[in-house]
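*Asks:* coords please:
(chains A and B)
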Number of protein chains: 2
Amino acid sequence: MLNETIKNQLAHRTIREFKAQKIPEEVFAQLMEVARRTATSVGMQACSIIRVVDQELKNQIAGICNQEYVARAPELLIFIVDQYRNSQIAKEKGYQAETAKDMDRFFQSFTDACLMAQNVVNAAESLGLGTVYLGSILNDSEKICELLKLPQLTFPVLGLGIGYPNQNPQLKPRMEMRLRVFENAYATFENYLDEIKTYDEEMRTYYDLRDPGRPMDSFSNQVVARFSQANPRRQEILNIIRKQGFNLNIK
Amino acid sequence: MLNETIKNQLAHRTIREFKAQKIPEEVFAQLMEVARRTATSVGMQACSIIRVVDQELKNQIAGICNQEYVARAPELLIFIVDQYRNSQIAKEKGYQAETAKDMDRFFQSFTDACLMAQNVVNAAESLGLGTVYLGSILNDSEKICELLKLPQLTFPVLGLGIGYPNQNPQLKPRMEMRLRVFENAYATFENYLDEIKTYDEEMRTYYDLRDPGRPMDSFSNQVVARFSQANPRRQEILNIIRKQGFNLNIK
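*Replies:* Model prediction:
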């Protein structure tokens, strides 16, 4: 069962440091062909990609991400929700598509964008490239919309850096799947700290290359630390989605 | 560049009809191990999977999807947003995590769930399995929450049917990527119908196995047809997300 595809998937690590070497255009074109063949909700292909090649723009995005290495990624892609293109197609057919603004369509596009990103990641890794997802572009989704000139009915989903790896990080410990896969109905546990005890320990054997001097904190401590941080601009994401023309339809 | 991984990705078709043959448990376990290794936002692993094995439950979900073949999928997985588990972990550490309800965390989980689904799809297809995404579970997200006993701070994202293919569909035509990939900023086109003219024609050479007697309609006609259909329950998705405990934080 351990074919090349799965071997690569099981070896997935986030790569944040890349060689200066560019990705050849034919390799990039191949990745985009994979993106094109990704499954898409009801065939609508309602997501798009902004390929960021301008260095100043990369710097600005790295600023929003608060991750300086973003500016050095050989390829930087921003996957976006895109109901704009299809709404224009409908308009040219004489149909004013009010439903293009619906949140269920937003979520279809959002899903499409994520599936496409992961498909590109799997293709890239199969070619020996490394990748880093950048959820941090949503630190300021409004600013991203402005920088990338995103029209109404579009919205940024996820960034992705790609390049030839210049680091070899340790495989990061992960929670056991028995805590994440349930039969027929969601299963709760009486004491999660007991259930993740081994995992909590294991996490303390992991060294993050961004902070190589000391092991990581236990998972449960990380969870508390993460929940203790709130970014008001991030929390307001639905307001920016509305500003991009979507109809939240709250009752 | 055409390694096995990419060959499979370029050959992706949705498979809706499967052989009766079950997926061996060790193969399923391998898929779950791939799921486990999927990239996850800030390491939080805040998504989960419900594996639907009960036939009556499958039938009910097929009813919601309005797709009878869903009931016959050898494996049926529902990927879910899951901020519940981590909020419980925090609680056991004595921290009441109000921010677990934030919509940016919801979107992190939603993204994680989609990335995981696509990673599983790529692994499955590399093993000769076929897959069908089921966005249609969101036809009634409230009912899905109820059927799968999803607790507060969880939400269904996407369904996935997996099995050994019992059909061989045509590769479905897709729009050219020059209409979907833009450098540095979103690019609009003056006349989309002109730009997709060839694609519109090409779509009319595609025969959907669900309706084998006649070719598909042009893409632009499909777009209009899709936008003309609205499902009020689907449009109300944010209300159900709020009902599941998330704080929409609308200003």
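
*Asks:* Residue A:13 belongs to a strand, doesn't it?
*Replies:* No: the assignment for residue A:13, made by DSSP: H, G, I helix; E, B strand; the rest coil, is coil rather than a strand.

*Asks:* Can you give me the neighbour number for residue A:73?
*Replies:* The local packing of residue A:73 (other CB atoms under 10 Å in any protein chain shown) involves 26 other residues. C-beta: built from backbone N, CA, C; applies to glycine.

*Asks:* quick one, phi/psi of the nearest residue to it once chain neighbours are set aside?
*Replies:* The shortest distance from residue A:73 to any non-neighbouring residue, by CB to CB, 6 or more residues apart in numbering or on different chains, is to residue A:161 (3.2 Å). In terms of degrees, to the nearest 10, the main-chain angles of residue A:161 are phi -100, psi 140.

*Asks:* For residue A:161, list each beta-bridge partner.
*Replies:* As for beta bridges, residue A:161 partners with residue A:76, residue A:132 under DSSP bridges.

*Asks:* Identify the residues contacting it.
*Replies:* A:16, A:18, A:69, A:70, A:73, A:74, A:75, A:76, A:131, A:132, A:134 (CB atoms under 8 Å, 6 or more residues apart in numbering or on different chains).

*Asks:* That one and residue B:76, how far apart?
*Replies:* Taking CB to CB, to the nearest Å as the measure, residue A:161 falls 35 Å from residue B:76.

*Asks:* What of residue A:32?
*Replies:* Using CB to CB, residue A:32 is found at 32 Å from residue B:76.

*Asks:* Look at the two and report which has more neighbours.
*Replies:* Taking other CB under 10 Å, residue A:32 and residue B:76 do not tie; residue B:76 has more neighbours (26 against 20).

*Asks:* Check the spacing between that one and residue B:55 real quick.
*Replies:* Residue B:76 sits 10 Å away from residue B:55, going by CB to CB.

*Asks:* next one: residue A:110
*Replies:* Per CB to CB, residue A:110 is found 32 Å from residue B:55.

*Asks:* Can you tell me the centre-most residue of chain A?
*Replies:* With distances taken as CA atoms, centre = their mean, the residue of chain A nearest its centroid is residue A:158 (3.8 Å).

*Asks:* In terms of helices and strands, where is it?
*Replies:* Per DSSP states H and E: residue A:158 is located in strand A:154-163.

*Asks:* what about the helices in the stretch 101-250 of chain A?
*Replies:* All helices of the stretch 101-250 of chain A, identified by DSSP state H, counting those that start in this stretch, fall at A:103-126, A:141-147, A:192-195, A:197-203, A:219-228, A:232-235, A:237-243.

*Asks:* Just the residues contacting the last one, thanks.
*Replies:* This points to helix A:237-243. Applying CB under 8 Å, 6+ apart, the external contacts of helix A:237-243 come out as A:106, A:138, A:141-142, A:145, A:155, A:248, B:103-104, B:107, B:238, B:248-251.

*Asks:* show me the contacts for the nearest residue to residue A:162 once chain neighbours are set aside.
*Replies:* In this structure, residue A:162 finds its nearest non-sequential neighbour in residue A:75, 4.2 Å apart by CB to CB, 6+ apart. Each residue near residue A:75 by CB under 8 Å, 6+ apart is listed here: A:23, A:28, A:51, A:160, A:161, A:162, A:163.
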